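[1] Any chance you could fold what I've pasted below:
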Amino acid sequence: MDLYKVIRELVDERRRLDGIIARLERVLKEEAVRAKSPPKQKKRRGRKGMNAEQRQEVSDRMRKYWAERRKSTTTSSVSAAKS
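    Residues are numbered from 1 along each chain as shown. Predicted coordinates:
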């Protein structure tokens, strides 16, 4: 049994394991940095949101629009009935 050969193989194995451990520690550090950074916001698709003031403006505008529609519909139906 050659003890020098066994020792050399063990030292090589230790170097290989040290390299693997170092890479794993790097991966852990990178994961920790990613976990601390705020998550990326996904891009929203479709319509943008409205605040309360904007919703109220739309509501007022639509209320006026439908009042005009009802007014014109009753006017046209009354004139059609007279004909």
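[2] The longest helix along the chain packs against which elements?
    Counting residues, the longest helix found in the chain (DSSP state H) is helix 3-36. Using 3 or more C-beta pairs under 8 Å, 6 or more residues apart in numbering; DSSP states H and E as the contact test, no helix or strand touches helix 3-36. C-beta here means a position set from N, CA and C on the backbone, and glycine is covered the same way.
[3] Check which helices and strands the next helix or strand after it sits against.
    For helix 3-36, the following helix or strand on the C-terminal side (DSSP states H and E) is helix 52-82. If contacts are counted by 3+ C-beta pairs under 8 Å, 6+ apart, helix 52-82 sits against no helix or strand.
[4] Now do Gly46: how many residues are near it, please.
    Gly46: 4 surrounding residues under other C-beta atoms under 10 Å.
[5] For it, give me its contacts.
    The contact partners of Gly46, taken as C-beta atoms under 8 Å, 6 or more residues apart in numbering, number zero.
[6] For Val58, see how far away it is.
    Distance, Gly46 to Val58, using C-beta to C-beta, to the nearest Å: 16 Å.
[7] what does Val33 give?
    Distance of Val33 to Val58, computed by C-beta to C-beta: 44 Å.
[8] Need phi/psi at the most centrally placed residue in the chain.
    In the chain, the C-alpha nearest the mean C-alpha coordinate belongs to Lys42, at 2.4 Å (C-alpha atoms, centre = their mean). Main-chain dihedrals, Lys42, degrees, to the nearest 10: phi -80, psi 150.
[9] How much space separates it from Leu3?
    62 Å.
[10] same question, Asp60
    Taken as C-beta to C-beta, the span from Asp60 to Leu3 is 94 Å.
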